[in-house]
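Peer 1: Got a sequence here, can you build the structure:
(chains A, B, C and D)
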There are 2 protein chains.
Amino acid sequence: MTQENQTDKKPSRIQTRNRKMILDAALEVFSRHGYRGTTLDQIAAEAGLSKPNILYYFDGKAEIHVTLLNRLMTSWLDPLIKLNAEGDPRHEILSYVQRKLDMARDLPQESRLFAGEILQGAPRMSPDLERHLKPLFDEKCALIQRWIDEGALPSLNPQHLIFSIWATTQHYADFDAQVRVLLDTPDETHARASRHLAQMFGALLSLPEAR
Amino acid sequence: MTQENQTDKKPSRIQTRNRKMILDAALEVFSRHGYRGTTLDQIAAEAGLSKPNILYYFDGKAEIHVTLLNRLMTSWLDPLIKLNAEGDPRHEILSYVQRKLDMARDLPQESRLFAGEILQGAPRMSPDLERHLKPLFDEKCALIQRWIDEGALPSLNPQHLIFSIWATTQHYADFDAQVRVLLDTPDETHARASRHLAQMFGALLSLPEAR
DNA sequence: AAAAAATTTTACCATTTGGTAAATACACGA
DNA sequence: TCGTGTATTTACCAAATGGTAAAATTTTTT
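Peer 2: Purely as a prediction, here's the structure:
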């Protein structure tokens, strides 16, 4: 019997290397074609291994997908975790925007994998969302609300603010195909997006208190 | 030989009805599972017809998908077309935001179908994007730039402004699964999103001119 | 170097899926 | 009501796809 689970003792050098190759290949293919649109043969070709060889390391297509999704959650939460209650509110939020935008540029595959999963109703991910994302989201919303109550930020909806940050930043990874059609200077996109988002969220966060 | 194309003379009552049932069913299924994730049997079941019967009306799965995508483009461009050069700039743009947000609520399937297609690199849609979306996008960007030059709007990047509008509004349809996990009061989501986006884009558009 | 364990390949298989051919049922105008 | 074209079903098929068994090969241990 083969031992495919990390519950077993020590993975060999070959095992670590090949698992990584498979996951990298699978990320590439899944992020481009979605779960159902991806075949094991595609992953195998991309990884430079044979299909049965891939099934030697993973119990099946679903397990590969789930492994990627789990790995993803960590890097996904990281920028939000860094939102620091001790820092200056405006600066903290604007920095978060930039971190998220940088992530969309540096990890577009992860972004698209996530987007595809959510788009299809998060069938394999909603437990993770509940368990990891929701608590963090609630905590950071409460933090922003506290800043508002203290008068350090104008009155605004923390939850929808965060949605707007996610939406605008991830847009550059998830809708990349559209962005590329519409913009003539691809190299400048990131810098311009960065300035625009700084301006937009800066304006929102600097709004003079109503009343 | 059957006549499946609209190039033939008059579609019968039965033909109009069934084509519509098929397209409605296909929109539902494609928007939930993506192109590859959708089977003809699923569409057939959803439409209440047999698979061969569906292939009597459409030449194949791809043709159904393309038909939906084409139909989509029209309703997709419509809100942007209405951006009126004669109106008040701020009001025009804020109205556009609301129109787009209403669309995300009223046509979530269309939104997700579009998102899925772009996410996968727009393999069947990039010609349409080039031919229809790009010219309109350029025209409206030029209009916004003119408003800026006339001093009716603060200095901002028209292209990325439009991206932000698309991203924030469509987010509520495309990432609905995530939004539902994170928010406790689903019925209020639309109203709150509406207020938040009005506030955010209102702040951006009301920015005092720098320098 | 031999034995044991781990890895990879070869040759399959069952199911699913997009699609077709031909027979059958149906609608409707003359 | 009869005939003709329209619509639908039945019975398939070939290719693709996820997956398996077991032989063959390579690596590691003794």
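Peer 1: Does stretch A:123-138 reach DNA strand C?
Peer 2: No. No part of stretch A:123-138 sits near DNA strand C under the criterion C-beta under 7 Å from any atom of the strand; the closest distance found is 14.8 Å. All C-beta atoms are positioned from the backbone trio N, CA, C, and that covers glycine.
Peer 1: my bad, stretch A:41-56
Peer 2: Yes. Using C-beta under 7 Å from any atom of the strand, stretch A:41-56 reaches DNA strand C at A:49-53, A:56.
Peer 1: In helices only, show me those.
Peer 2: A:51-53, A:56 (DSSP state H).
Peer 1: any chance of those in TSV, plus neighbour count?
Peer 2: Converted to TSV, these look like this (neighbours: other C-beta atoms under 10 Å in any protein chain shown):
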residue	neighbour count
A:51	15
A:52	9
A:53	13
A:56	15
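Peer 1: Quick one: mean pLDDT for the host helix or strand of residue A:62?
Peer 2: Assessed by DSSP states H and E, residue A:62 sits inside helix A:61-81. In this model, helix A:61-81 has a mean pLDDT of 96.
Peer 1: quick one: buried residues of the helix or strand hosting residue A:135?
Peer 2: Using DSSP H and E, residue A:135 sits within helix A:134-149. Judged by neighbour count using 16 or more other C-beta atoms under 10 Å in any protein chain shown, the buried positions of helix A:134-149 are A:137, A:140-141, A:143-145, A:147-148.
Peer 1: could you dump the residues you listed to a markdown table with pLDDT and distance to DNA strand D?
Peer 2: As requested, the buried residues of helix A:134-149 are arranged in a markdown table below (pLDDT from 0 to 100; distance: C-beta to the nearest atom of the strand, whole Å):
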| residue | pLDDT | distance to DNA strand D |
| --- | --- | --- |
| A:137 | 98 | 33 |
| A:140 | 98 | 38 |
| A:141 | 98 | 39 |
| A:143 | 98 | 43 |
| A:144 | 98 | 43 |
| A:145 | 98 | 45 |
| A:147 | 98 | 48 |
| A:148 | 97 | 48 |
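Peer 1: ok, so of the residues you listed, who is nearest residue B:126?
Peer 2: Closest to residue B:126 out of these is residue A:137 (34.8 Å), distances taken as C-beta to C-beta.
Peer 1: what's the closest non-adjacent residue to that closest one?
Peer 2: Among residues not flanking residue A:137 along the chain, residue B:182 sits closest, at 5.2 Å (C-beta to C-beta, 6 or more residues apart in numbering or on different chains).
Peer 1: ok, now which ones touch that neighbour?
Peer 2: A:129, A:133-134, A:137, A:159 (C-beta atoms under 8 Å, 6 or more residues apart in numbering or on different chains).
Peer 1: And the furthest pair within those residues?
Peer 2: Using C-beta to C-beta, the two most remote members of the contacts of residue B:182 are A:129 and A:159, lying 14.6 Å apart.
Peer 1: Tell me which of the two has more neighbours.
Peer 2: residue A:159 (22 against 19; other C-beta atoms under 10 Å in any protein chain shown).
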